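Colleague: I'd like to go over a predicted model; first the sequence, then the structure.
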Amino acid sequence: MTSPTSQQPWLPDYQILTLVASLLSLAAFIYFYSRGQLLLYGDAVAHMNIARRVVDSRTPGLLQLGTVWLPLPHLLMLPFIWSTSMWMSGVAGSIPSMVSYIASVVGIFRLVWTGLSLLPERRSEARFAAWVAAMAFALNPNLLYLQTTAMTELIYLACYIWATVYFAQFAIELQAGEPRAAQRALIVCGVFLCLGALTRYDGWFAATLYAVAALVTVIVASVRHGLEWWHFLYERGWRRATIIFVALLAFTPAVWLTYNQFTFGDALSFLRGPYSARAIEERTRKPGDWHHPGWDAPQVGTEYFVKSAELNMAAGDRSQRIWLYAALLGSVMALGFLRPLWPWLLLWTPVPFYAISIAWGGVPIFIPTWWPFSFYNVRYGTQLIPAFVVFGALLLYLFLSKFSWRRLQYGIAIVTMAFVGWNYYYDMKFAIPISLKEAQVNGMDRIAIEKQLAHEIMLLPPNSRVLMYIGEHGGALQRVGFPLKRTINEGNYRYWGSALMNPAALANFVIATEGDPVAKAVKAHPEGLRPLAVIQSLRQNPITIYQSTEYR
C-alpha cells in the first residue's frame, strides 16, 4: 500500500519556494545590515558573545555556553563566530537564523498542502492555499527582521513547524494503516522536538504536549483497528520507534540538568539562579512596584500574549482582528468538521506556555497599546504566526472549494492576496514592525553608552587585561573586536570568584557598571584601584573604568 504522504509532487514547488524565500531572506539581510540594525537587541549581542567565548576566552570550551539560555543557537554560530569581522558585524548570528527562516517557509507550505490534500479532491485550491500560507509567513516584516539577527525565534520556529509537519504525517500514516511510515515520521518528529528543546524552553513544553498527543493518536488508531493500545508495544518496530521518540524528548532536560549541576552546583540554576528570568525581574522591580500584567493571572497573560501575536501579524486593528478571527474559525473547522487536520491544533501550543510563563515564570510581556504602554518581549508573539497563516489558509481553501465558478474563485484569490499585500505594505510604509520597534526603543540607550565605552576601550594599552561583567555591556567589546581572551568575565569560572575577591590583582583595568557584580566587588575591595573615567548616558547605569596599581 502506498503511503498517503508520498504521492505529492513536492519538488517543483519546493525548489521555487526555497528560491523565493532565499531571495527574501537575503534582501532583508542587506536592508537591515546596511542600516546597522542587526545588533539592536541586547539579547542578540549576548547570544553572539556566548558563542564567541567558546572559541575566544581565557578558558575556552563548551563550559562557556553558560546557563539559562539553551545551547543550540550558540552551537550553530560556531562555524562563523571565530571570524572577528563576522562577530563584530553580527553576521555570524544572522546565518543560522536566515537558514531557519527558509526552512520555516518551506515547512509551512508542506504542512498545509499535505493536510489539504487529504480532503476531497481540490488539488489546485490546496496548492494555492499552501502558497498563500507560505508567502503570508515569508513576507511578515517582523520575521524578516528577526531572521537577520542572532535571536532564537526563527531557529525555534523552524524546529516547531517541522515537528508539526512530521507529527501530522505520523497521524496520517497511522490512520492509513502504514506502520513503517508512521514510525519513521514519529522519530523525525522527535528529532525536531529535541532540537526545539535545545533552542528555547518553549520546546520543553511543546515536547510534553506532542508526547501526549502521540499517545492519544495511538489510542484512537487502536480503537479504529479493533486493538488494545498497548498492542503496538508488542510489535518490534513500534517498540523501537517509541523508545527512540521518548529518548529524544528526554535528552535535552537530562543533559541540561546535568550540565547545570556539574557547572553551577544546581541542576535548576537556569530556573532559579542569578541570571534566570525570575531573578532578573526581582532585581529590576523596585520595592512596592506593581507586578507585571498577568502576574499570578494566566488569563491576563493569555490576553497579553495573543495581543502581542496580533501586533506581530499586523499593525492595523482591523487587520489584527481579521487574522485572529480567521485563525480561530479555521481551528473550529479543523476540530469539528475536518478531523484529519486536528494535528494542526498543536500550532496553538505557545498560548498555554506563555500564559503559564507570564503568570508564574517571571516572563513579562509589555505592549505599547496596553498598560504599561512599553516594549518588552513583544517579539514572543511571533510564535503564533504559524497558527495565523495555516488556519487562515484553511479558511481560504474552504471558501475556494465551496464555489465551482472560476471567476468567483479568482475574485476570492485576488481579495486574499490584496489583503495580505496591503497588510504588510501598511506595516512597512506607515508603521515600524513591532519587533524592530521594540529593538530600537530598548536598544537606543544601551547602544549610546556602549559606543562611549568602546571608545574608551580602544584607548587602553595593547595587550592589557580587563576585568568586566560582559553580560551587561559586552557589546562594547564586540563593537571594537576586543579579544575576550584578554578579559576576565563571568564565563571564566576558574578566575571569576578570585577576581571579585580582589579586583586589582588579576587585571590591568576594571570596568564596573553600577549594580553589576564587578561594581559590587570594587565597592567591597577598592584597594589598588584608581578611577580613570566615568561614562554616563540617559537611563543607563554609569560605568566606571579603573586602573589597577597592583597588577603586574
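Modeller: Perfect, I can see it now.

Colleague: For Glu527, which three-state class applies?
Modeller: What DSSP: H, G, I helix; E, B strand; the rest coil gives for Glu527 is coil.

Colleague: can you give me phi and psi for the nearest residue to it once chain neighbours are set aside?
Modeller: Take Glu527 and drop its neighbours on the chain: the residue closest to it by Cβ to Cβ, 6 or more residues apart in numbering is Ala504, 6.3 Å away. The C-beta positions use only the backbone N, C-alpha and C, and glycine is treated the same way. The phi/psi pair for Ala504 (degrees, to the nearest 10) reads phi -80, psi -10.

Colleague: likewise Thr513?
Modeller: phi -100, psi 130.

Colleague: Tell me who's in contact with it.
Modeller: Residues in contact with Thr513, defined by Cβ atoms under 8 Å, 6 or more residues apart in numbering, are 469, 472-473, 519, 541-543.

Colleague: Show me the contact partners of stretch 411-430.
Modeller: With Cβ under 8 Å, 6+ apart, stretch 411-430 has contacts from 128, 132, 135-136, 139-141, 313-316, 319, 322, 396, 399-400, 403, 433.

Colleague: picking up where we left off before, from Lys520, how far off is the residue nearest to Glu527?
Modeller: Distance, Ala504 to Lys520, using Cβ to Cβ, to the nearest Å: 15 Å.

Colleague: which sections of the stretch 51-200 of the chain are below the confidence cut-off?
Modeller: Low-confidence segments of the stretch 51-200 of the chain (pLDDT under 70): none present.

Colleague: nope, the chain is what I meant
Modeller: The low-confidence ranges in the chain, as defined by pLDDT under 70, are 1-11, 223-234, 283-288, 405, 408, 551-552.

Colleague: Show me the residue at the heart of it, geometrically.
Modeller: Closest residue to the average C-alpha location of the chain: Glu153 at 2.0 Å, with Cα atoms, centre = their mean.

Colleague: still on that earlier bit, let me see the contact set for the residue nearest to Glu527.
Modeller: By Cβ under 8 Å, 6+ apart, the residues touching Ala504 are 510, 525, 527-529, 546, 548-551.

Colleague: packing partners for the lengthiest helix in the chain?
Modeller: Determined from DSSP state H, the single longest helix within the chain is helix 236-264. Judged by 3 or more Cβ pairs under 8 Å, 6 or more residues apart in numbering; DSSP states H and E, the packing partners of helix 236-264 are helix 179-197, helix 202-224, helix 231-234, helix 269-272.

Colleague: Please work out which of those is packed deepest.
Modeller: Across these, the average number of neighbours (mean count of other Cβ atoms under 10 Å) peaks for helix 179-197, which reaches a mean of 23.

Colleague: That helix packs against which elements?
Modeller: Applying 3+ Cβ pairs under 8 Å, 6+ apart, one finds that helix 179-197 contacts helix 153-175, helix 202-224, helix 236-264.

Colleague: Restrict that helix to CA atoms and write it as PDB.
Modeller: C-alpha atoms of helix 179-197 as PDB (Å, rounded to 0.1, in the frame of the first residue of the first chain):
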ATOM      1  CA  PRO A 179       3.100   1.500  10.400                       C
ATOM      2  CA  ARG A 180       6.600   1.800   9.000                       C
ATOM      3  CA  ALA A 181       5.900   5.200   7.500                       C
ATOM      4  CA  ALA A 182       4.200   6.300  10.800                       C
ATOM      5  CA  GLN A 183       7.200   5.100  12.800                       C
ATOM      6  CA  ARG A 184       9.700   7.000  10.700                       C
ATOM      7  CA  ALA A 185       7.600  10.100  10.900                       C
ATOM      8  CA  LEU A 186       7.300   9.800  14.700                       C
ATOM      9  CA  ILE A 187      11.100   9.500  15.000                       C
ATOM     10  CA  VAL A 188      11.800  12.500  12.800                       C
ATOM     11  CA  CYS A 189       9.200  14.500  14.800                       C
ATOM     12  CA  GLY A 190      11.100  13.600  17.900                       C
ATOM     13  CA  VAL A 191      14.300  14.800  16.300                       C
ATOM     14  CA  PHE A 192      12.800  18.300  15.700                       C
ATOM     15  CA  LEU A 193      11.200  18.400  19.100                       C
ATOM     16  CA  CYS A 194      14.600  17.600  20.600                       C
ATOM     17  CA  LEU A 195      16.300  20.400  18.500                       C
ATOM     18  CA  GLY A 196      13.500  22.800  19.600                       C
ATOM     19  CA  ALA A 197      14.000  21.900  23.200                       C
END
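
Colleague: Let me know the angle separating that helix from helix 153-175.
Modeller: Counting by axes from the mean of the first three to the mean of the last three Cα atoms, to 10 degrees, helix 179-197 lies at 160 degrees to helix 153-175.

Colleague: check contacts around Tyr354.
Modeller: 301-302, 305, 363, 365, 380, 383.

Colleague: let's see it at 6 Å
Modeller: Phe305 (Cβ atoms under 6 Å, 6 or more residues apart in numbering).

Colleague: Check the one 5 residues further on too.
Modeller: Residues touching Ala359, when contacts are defined by Cβ under 6 Å, 6+ apart, comprise 294, 296-298, 301.

Colleague: now do 8 Å
Modeller: Per Cβ under 8 Å, 6+ apart, neighbours of Ala359: 294-298, 300-301.

Colleague: do Arg58 as well
Modeller: Arg58 sits next to 485, 487-488, 492, 495 when contact means Cβ under 8 Å, 6+ apart.

Colleague: With distance to Gly265 and secondary structure as added columns, please give these in TSV.
Modeller: What follows is these, written out as TSV (distance: Cβ to Cβ, whole Å; DSSP: H, G, I helix; E, B strand; the rest coil):
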residue	distance to Gly265	secondary structure
Lys485	26	helix
Thr487	24	strand
Ile488	20	strand
Asn492	17	coil
Tyr495	17	helix
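
Colleague: from those residues, which would you call buried?
Modeller: The neighbour count (16 or more other Cβ atoms under 10 Å) marks 487-488, 492, 495 as buried among the contacts of Arg58.

Colleague: which one of those sits closest to Thr349?
Modeller: Asn492 (38.0 Å; Cβ to Cβ).

Colleague: From what I see, that closest one and Thr59 are in contact.
Modeller: Yes. Counting by Cβ atoms under 8 Å, Thr59 is a contact partner of Asn492 at 5.0 Å.

Colleague: ok, back up a step: any chance of the helices and strands packed on helix 179-197 in a markdown table, with distance to Leu23 too?
Modeller: What follows is the helices and strands packed on helix 179-197, written out as a markdown table (distance: least, Cβ to Cβ, whole Å):
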| stretch | distance to Leu23 |
| --- | --- |
| helix 153-175 | 17 |
| helix 202-224 | 29 |
| helix 236-264 | 34 |
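
Colleague: Out of those helices, the one nearest Gly107 is which?
Modeller: Gly107 lies closest, by Cβ to Cβ, to one member of the helices and strands packed on helix 179-197: helix 153-175, at 3.9 Å.

Colleague: how big is the angle separating the closest one from helix 202-224?
Modeller: Using the same axes, to 10 degrees: helix 153-175 against helix 202-224 is 10 degrees.

Colleague: Output stretch 251-261 as CSV, restricted to C-alpha atoms.
Modeller: Listed next in CSV are the C-alpha coordinates belonging to stretch 251-261 (Å, rounded to 0.1, in the frame of the first residue of the first chain):
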residue,chain,number,x,y,z
PHE,A,251,17.6,14.1,26.1
THR,A,252,17.5,17.8,26.5
PRO,A,253,16.2,18.1,30.0
ALA,A,254,18.6,15.3,31.1
VAL,A,255,21.7,16.9,29.5
TRP,A,256,20.8,20.4,30.6
LEU,A,257,20.0,19.5,34.2
THR,A,258,23.3,17.5,34.4
TYR,A,259,25.3,20.4,32.9
ASN,A,260,23.8,22.9,35.3
GLN,A,261,24.5,20.6,38.3
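
Colleague: and stretch 124-144, which residues are buried?
Modeller: Here stretch 124-144 shows 125-144 as buried, counting by 16+ other Cβ under 10 Å.

Colleague: Filter the residues you listed down to just the ones in helices.
Modeller: 125-138, 141-144.

Colleague: just to revisit the earlier point, would you turn the helices and strands packed on helix 236-264 into CSV with distance to Ala499?
Modeller: Below are the helices and strands packed on helix 236-264 laid out as CSV (distance: least, Cβ to Cβ, whole Å):
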stretch, distance to Ala499
helix 179-197, 34
helix 202-224, 34
helix 231-234, 55
helix 269-272, 20
